[in-house]
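>>> Model the following, please.
(chains A and B)
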Amino acid sequence: MPSDKMTQGIGALLVLLGIIIILTPWVIFPVCEVHDIYMVLQSGVKMPMPCGWTARAETGIGALIVVAGGLLLARKTPETKQAVGVFSIAAGVLVILFPTVIIGMCKLADHPCRQLTLPALEILGAAVIIIGGYLLWKRE
Amino acid sequence: MSNSHEFGFFRLLVRNLSNRSYRNIATIFVFAFIAATLFSSQYLMNGAQASLDTGMSRMGADILVVPEEYAAAGQTVILSGQPSSFFFNDSSYEKISRIPGVAKASPQIYIATLFASCCAAPLQMIAIDPENDFTISTWLKENPGVKLGKDDIIIGSAVIQDVGNDLPFYGHTFHVVGILKQTGMGVDNSVFTRFEDAYVMADESELKAVKKLTIPPRMVSAVLVKVDPGTSPSAVAREIQDQIPGTKTITPNGLLNTVSGQLGAVRRLLNGTTLAVTIVSIPLLAFISAMVAHERRREIAILRALGATKTYVVRLMLAESFSIAIIGSLIGIGGAMVVLVFFQDFIATSLKIPFIIPSPLALLVDGGTALFLCAGIGGIASLYPAILINRSEPYETIRKGES
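Prediction:
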C-alpha cells in the first residue's frame, strides 16, 4: 500500500504529466499549424490538418488528467485511488489513440507532428497508463 | 546448509542495497548515463549500416553511375530520396555495358514529381526498363502475382497509398500494384514506373499538369551496374570513370563513408561524453565505495566474526557494485532505446542519414557492450575498497568502533 506521501507524489506527477500533455502539441513539440502549415481548401480557406484536431483533443484529455491528479492530492482514500487509477489508464490509452487511430496525424513522414509530437504523446500516454496501473495495483 | 547460505547472501545483498537507497540511486544514474550514451552511439551507427545494407540490396547494384556534376544529387536520391531530375547521354550506358567486369547494366530516369498539396509531397519517380532492371526485379520475383504493366507503379514504404488505388503525377494517373519493404533510404520515398509510361506522362504534362515535364530523348539519369562475381566493384568503378569522362560512380562503400562522415560529429560527441563520464566516474565511484567500505567496517568485522570468509565479503561487495551497475545500465539502455525508437524519424531527418532499427542481434551486441563496460567500471571501482577492508582485523575494528 503506498503511503500518503507516495500517493501525494503520484497525484503531483499526474498533474505534471497532464500539464505536459497539454503543452506538448502547442509549445514543447508543436503540431503543424503552429509551424504555419495548414490544409488550404480550393476556396482558399485555411484548415488545421488532422494533427491540429488531435492537439485540441489532447488538450482536453490533458486537462482531465490534471483534474484526476488534483483529486488524488485532495483525497487519498482507496476508492479515490481506484477511480483515479481506472481513469488514468483510460486517459493514457486515449492520449495514444487520438494521434494514432481516432484522429491521427499528418501522413507525411517529414511533418513536425509525426516526427516529434506523435512519439512524445505516445511516451506520455504510456507513462499515464503505468501510473494508473500502479494506483490500481496498490489501491488498498 | 548450502541453500540457507545462498539465501543469506542474496537477502543481505538486497538489504544492503535498499539501506542506502539515495546514494545508490545517484550511482545508478551515473551508470544509466554511461550506458545510454554508449548504447546510443552504437545504435545510431548500426541503424545507419542496417539501412544501407537493406537499401543497397534493394537497389541490387554494386555501382551507380551518374553525371559528374550531379554526383551529390545522386547520393541524396539514394540516401534520402530527395527528389531530383538530371540526365546524361544514354550512349554512356552502352559503353558501360561493354567495360570488362560489368555483368549487367540497367539505365534509370529520375523525375522529381510536383508538390501539389499538403498530402502529395514531391516524390522521386524512377523510370526503369523492366527488361534490364534489377532493382525491382528481385521484389517482383518475391511477389510472383505482381506485374509492372502499363501505367502501373510500385511505391516505396513511405509513399502514402494502398495497393489497388491510383496516384496522379503530372496529371497522369498511375495504378499502385505493389509497396516495397522499408529500407530507411531514398527507395522508401520513390515511385517506380516503366520508361514508356514516364514518356507518356511527360508528353501529356503540357496539357494536364501545372508545369511541363521534359524528358530529353536518348538521355538517362543513372546507370546501375552489377559486377561479375569475384570482381572488385571499386576497380570496375574506377575503370568506368576512366573510360567515360563526365561520369561519377557511387559505391556502397562510398555511401557508407558519406554516412559515417555525417554521423561523425554525433558519434564523436557521444563517445567523448562516454569517455569523459567514465574517466570521471571510476575514481568517483571508487571514492564512494571506499567511503561506504569505511562506514561499514564494523558491519563487515561482525560478519567476519560470525564466520564469513574474506572471499564472502569480497563477493558481497562486488555483487552490490555489479547489481547497481547492471540496474543502472538496464535503465539507461531501456531509456535510450525508447527515445531512439520513438524519435527515429526525427533523428534520421535531422542527421540526414538513412536509418532503420538495427537487427535484434546488433541490438543485443550494443546493449551487451554497454552492460559489460558498466559492470567492468563497477567492478574496478569497488575491488580496491573490498580488498582494503578485508585486510583489517575484525577484533581490532570492533574494539576501535566501540571506543
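>>> residues contacting residue 37?
All of this refers to chain A. By Cβ atoms under 8 Å, 6 or more residues apart in numbering or on different chains, residue A:37 lies in contact with A:49, A:106, A:111, A:112, B:118. Quick note: C-beta positions are derived from backbone N, CA and C, even for glycine.
>>> Not quite, go with chain B.
Shown in contact with residue B:37 (Cβ under 8 Å, 6+ apart): B:270, B:273, B:274, B:277, B:336.
>>> so the first one is in which element?
Spelled out, it's residue B:270. Applying DSSP states H and E as the criterion places residue B:270 in helix B:252-295.
>>> the inter-axis angle of the next helix or strand after that helix versus helix B:252-295?
Scanning forward in sequence from helix B:252-295 by DSSP H and E, the next helix or strand is helix B:297-305. Interaxial angle, helix B:297-305 versus helix B:252-295 (axes from the mean of the first three to the mean of the last three Cα atoms, to 10 degrees): 80 degrees.
>>> Which strands and helices lie in contact with helix B:297-305?
helix B:310-342, helix B:360-391, helix B:394-402 (3 or more Cβ pairs under 8 Å, 6 or more residues apart in numbering or on different chains; DSSP states H and E).
>>> So the first one, near chain A or not?
In other words, helix B:310-342. Yes. Using Cβ under 8 Å from any Cβ of the partner chain, helix B:310-342 reaches chain A at B:338, B:342.
>>> rewinding a little: which among the contacts of residue A:37 gets closest to residue B:63?
Nearest to residue B:63 among these is residue A:111, at 34.8 Å by Cβ to Cβ.
>>> what about that closest one, how many neighbours?
23 (other Cβ atoms under 10 Å in any protein chain shown).
>>> Provide a list of residues in contact with the most centrally placed residue in chain B.
The centre of chain B sits closest to residue B:47, judged by Cα atoms, centre = their mean, with a distance of 1.0 Å. Residue B:47 makes contact with B:184, B:340, B:344, B:355, B:356, B:357, B:358 under the criterion Cβ under 8 Å, 6+ apart.
>>> Same check on residue B:83?
So residue B:83 contacts B:77, B:112, B:113, B:122, B:123, B:124, B:189 (Cβ under 8 Å, 6+ apart).
>>> hmm, try it at 6 Å
B:112, B:122, B:124 (Cβ atoms under 6 Å, 6 or more residues apart in numbering or on different chains).
>>> what's the following helix or strand after the one helix or strand in chain A whose mean pLDDT sits lowest?
Lowest by mean pLDDT, DSSP states H and E among the helices and strands of chain A is strand A:39-40, with a mean of 71. As assigned by DSSP H and E, the chain's next helix or strand after strand A:39-40 is strand A:46-47.
>>> Quick one: mean pLDDT over the helix holding residue B:270.
Averaging pLDDT along helix B:252-295 gives 77.
>>> Tell me the helices and strands packed up against it.
Contact here means 3 or more Cβ pairs under 6 Å, 6 or more residues apart in numbering or on different chains; DSSP states H and E; on that basis helix B:252-295 packs against helix B:21-59, helix B:360-391.
>>> now it against helix B:21-59, angle please.
Going by the same axes, to 10 degrees, helix B:252-295 makes 170 degrees with helix B:21-59.
>>> List the contacts of the host helix or strand of residue A:17.
Using DSSP H and E, residue A:17 sits within helix A:4-23. Identification of contacts with helix A:4-23 by Cβ under 6 Å, 6+ apart yields A:58, A:59, A:62, A:65, A:66, A:68, A:69, A:72, A:73, A:76, A:124, A:128.
>>> of all the residues you listed, which comes closest to residue A:86?
residue A:68 (9.9 Å).
>>> Distance check, that closest one against chain B.
Using Cβ to the nearest Cβ, to the nearest Å, residue A:68 is found at 24 Å from chain B.
>>> Would you double-check that that residue falls in a helix?
Yes. Assessed by DSSP: H, G, I helix; E, B strand; the rest coil, residue A:68 belongs to a helix.
>>> That one against residue A:87, yeah?
Yes. The criterion here is Cβ atoms under 6 Å, and residue A:68 meets it with residue A:87 at 5.2 Å.
>>> Starting from the host helix or strand of residue B:224, tell me which strands it pairs with and how they run.
When elements are assigned from DSSP H and E, residue B:224 belongs to strand B:222-227. Partners of strand B:222-227 in the sheet, by DSSP bridges, are strand B:63-67 (antiparallel), strand B:102-112 (antiparallel).
>>> chain center to that strand, what's the gap?
Distance of strand B:222-227 from its chain centroid, counting by Cα atoms, centre = their mean, to the nearest Å, is 26 Å.
>>> who does the helix or strand following it touch, helix- and strand-wise?
Proceeding N to C from strand B:222-227, the next assigned helix or strand is helix B:233-243, under DSSP H and E. The contact analysis (3+ Cβ pairs under 6 Å, 6+ apart) places helix B:233-243 against strand B:63-67, strand B:247-250.
>>> With respect to burial, which of those strands scores highest?
With neighbours taken as mean count of other Cβ atoms under 10 Å in any protein chain shown, those reach their highest mean count in strand B:63-67, at a mean of 25.
>>> burial of the residue nearest to residue B:67 when sequence neighbours are not counted, as a residue count?
Spatially, and ignoring its direct neighbours in sequence, residue B:67 is nearest to residue B:88 (4.2 Å; Cβ to Cβ, 6 or more residues apart in numbering or on different chains). Residue B:88 has 22 neighbouring residues, counting by other Cβ under 10 Å.
>>> Secondary structure class of residue B:184, three-state.
Secondary structure state of residue B:184, per three-state DSSP, is coil.
>>> list the contacts for it?
B:51, B:354, B:355, B:356.
>>> Mind doing that once more with 7 Å?
Applying Cβ atoms under 7 Å, 6 or more residues apart in numbering or on different chains to residue B:184 gives the contacts B:51, B:54, B:55, B:348, B:354, B:355, B:356.
>>> circling back: can you add distance to residue B:303 and give the helices and strands packed on helix B:233-243 back as TSV?
Formatted as TSV, the entries for the helices and strands packed on helix B:233-243 read as follows, by distance: least, Cβ to Cβ, whole Å:
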stretch	distance to residue B:303
strand B:63-67	68
strand B:247-250	66
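>>> Please report the distance of residue A:116 from residue B:198.
Distance of residue A:116 to residue B:198, computed by Cβ to Cβ, to the nearest Å: 36 Å.
>>> again, but for residue A:14
56 Å.
>>> which bits of chain A sit near chain B?
Within reach of chain B by Cβ under 7 Å from any Cβ of the partner chain, chain A has these residues: A:39, A:49, A:107, A:108, A:109, A:110, A:114, A:115, A:116, A:119, A:122, A:123.
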